[in-house]
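Asks: From the sequence below, what's the structure:
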Amino acid sequence: MNKILFIRRDNIGDLVCTTPAIRAVRLKFPQARIAVLVNSYNAGAVADNPDIDEVYVYEKEKHALSKGRLRVFMENLGVIRRIRKERFDAVVGCGYGYSARVARFACLTGAGHRAGFVSGKKPMSRFLYNLRAEEPQEAIHEVEAVMRLVALLGVSGPAPPLCVRPSEGEVKKVISHLKGLNPLRGQGYAGKAGLVVFHISSRKPKNRWPKESFRELGGMIQKATGAEILLLWSPGSFGNVLHPGDDEAAEWMSLSMDKRPFTFRTKSLAELIAAMSLASSVVCCDGGAMHIAAGLGKPIVTVWGTTERKRWAPWGVPHVILQKEDGLASAVNAKEAFDAFMDLTHREGSGR
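Replies: Next up is the predicted model:
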């Protein structure tokens, strides 16, 4: 196959978990032209990916309300037209199960081979794909699910690692910002073992860990290890109906911790990736930021609510998941998180 297109229309973590399959296809077809069709929200997760030759970006209407429905439709139609002109040999409609929207996108590309999941409960699903895999009936990881799809193209073997690449320019910008906050403390931390990233945001309410718990844990880590804390979060006000963020929580933490953390308000996915790339380890809730950290190869302590472990655990990196039976992240206390962090740090330091 000379031209292969992956379609991934959902969230950041889903797209990051697709990168092993993209890598596997690259290894199978080293001379092929590999492209992805993604949305404007998650596209930054595959920027600078060495296995991808082109990224096609469309916009979901909810992400571009100011443009108007007609303009968004016409721009997206232009993207599909560009894809059709490429005459892709194969398209992979990525997801954990059958998606009618993804299947329609796959058909619109005009590719001769269309690989995707089908559902026994939805007979029409079999008409839209001609390379078919049944939806997973048991819980498997998102990475493994997409690997089942590329198996339809003759790609076999274990899944490669995740791949997330920071932009060199964005990394320099983050370092400059942190040095500007505190020239003495920020002078030489990059690449050393003393910068712990806290990402305090999560889209789902049950997965959110209280800011008070993050603050308490930060103090414990600072006192026990002398590490610096770099605080990251989803930008925006908590009261924003369309795009709620954690500006207020981040400011409260910054002002209330005994030793003020470094802070960086990431305005783009590229900035988030760059900032996380400087970490020695990451503490976070479940969400896209966690998968970015895994894609960067960082050890992770993560506090979860109701997320399914088998499907969404950090792939391929040392990690500890803290999760209670009641499904509330807030039920995890700071001491539990501190013990998990110290155990993970010890294991990493001893090479186990």
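
Asks: in which helix or strand would I find Tyr212?
Replies: If you look again at residue 212, you'll see it is Glu, not Tyr. helix 211-225 (DSSP states H and E).

Asks: Residues contacting that helix, please?
Replies: Helix 211-225 is contacted by residues 194, 196, 198, 200, 227-229, 246, 249, 252-253, 256-259, 261, 283, 303, 330, 332-335, 337-338, 341-342, 345 when judged by C-beta atoms under 8 Å, 6 or more residues apart in numbering. Any C-beta I mention is one placed from the backbone N, CA and C, and that applies to glycine too.

Asks: what about dumping the CA coordinates of the lowest-mean-pLDDT helix or strand in the chain to CSV?
Replies: Counting by mean pLDDT, DSSP states H and E, the chain has its least confident helix or strand at helix 125-128, which shows a mean of 84. The C-alpha coordinates for helix 125-128 follow below in CSV (Å, rounded to 0.1, in the frame of the first residue of the first chain):
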residue,chain,number,x,y,z
SER,A,125,-22.1,-0.9,9.8
ARG,A,126,-21.0,-3.8,7.5
PHE,A,127,-21.9,-1.8,4.4
LEU,A,128,-19.5,1.1,5.1
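
Asks: what bits of this structure have low per-residue confidence?
Replies: 61-68, 183-193, 241-242, 349-352 (pLDDT under 70).

Asks: Using the record, which stretches count as separate domains in it?
Replies: Per the record, the chain has its domains at 3-153, 168-349, by automatic domain parsing.

Asks: Output those domains as TSV; include the columns mean neighbour count and distance to Ala159.
Replies: Below are the domains of the chain laid out as TSV (neighbours: other C-beta atoms under 10 Å; distance: least, C-beta to C-beta, whole Å):
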stretch	mean neighbour count	distance to Ala159
domain 3-153	18	4
domain 168-349	18	8
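
Asks: Show the contacting residues for the closest residue to Gly236 other than its chain neighbours.
Replies: Distances taken as C-beta to C-beta, 6 or more residues apart in numbering put Gly245 closest to Gly236, at 2.7 Å, once the chain neighbours are dropped. Listed by C-beta under 8 Å, 6+ apart, the contact partners of Gly245 are 201, 233-238.

Asks: ok, now with 6 Å
Replies: The contact partners of Gly245, by C-beta atoms under 6 Å, 6 or more residues apart in numbering, come to 234-236.

Asks: now swap in Val283 and tell me
Replies: Counting by C-beta under 6 Å, 6+ apart, Val283 makes contact with 198, 301.

Asks: try it again with 8 Å
Replies: Contacts of Val283 by C-beta under 8 Å, 6+ apart are 196-199, 214, 217, 300-303, 337, 341.

Asks: all helices for the stretch 51-200 of the chain, in order.
Replies: 69-86, 100-108, 125-128, 142-150, 168-181 (DSSP state H, counting those that start in this stretch).

Asks: Restricting to C-alpha, output stretch 247-261 in CSV.
Replies: In CSV, the C-alpha atoms belonging to stretch 247-261 read as follows (Å, rounded to 0.1, in the frame of the first residue of the first chain):
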residue,chain,number,x,y,z
ASP,A,247,-7.4,29.5,36.4
GLU,A,248,-8.8,30.2,39.8
ALA,A,249,-7.7,26.9,41.3
ALA,A,250,-4.2,27.3,39.9
GLU,A,251,-3.9,30.9,41.3
TRP,A,252,-5.1,29.7,44.7
MET,A,253,-2.5,26.9,44.8
SER,A,254,0.2,29.2,43.7
LEU,A,255,-0.5,31.7,46.5
SER,A,256,-1.3,29.2,49.2
MET,A,257,1.7,26.8,49.0
ASP,A,258,4.5,27.5,51.4
LYS,A,259,7.0,27.2,48.6
ARG,A,260,5.4,28.7,45.5
PRO,A,261,5.3,26.4,42.6
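
Asks: Measure how far it is from the centre of its chain, please.
Replies: 25 Å (C-alpha atoms, centre = their mean, to the nearest Å).

Asks: what's the answer for stretch 311-322, then?
Replies: 13 Å.

Asks: Give me the distance between the two termini of that stretch.
Replies: Using C-alpha to C-alpha, to the nearest Å, the end-to-end distance of stretch 311-322 comes out at 15 Å.

Asks: Going forward, count from 43.
Replies: Understood, numbering begins at 43; the last thing we discussed is stretch 353-364.

Asks: and the closest residue to Trp346 other than its chain neighbours, what is it in contact with?
Replies: Once flanking residues are discounted, Trp346 sits nearest to Gln365: 4.2 Å by C-beta to C-beta, 6+ apart. Taking C-beta under 8 Å, 6+ apart, we find Gln365 in contact with 345-347, 349, 351, 371, 374.
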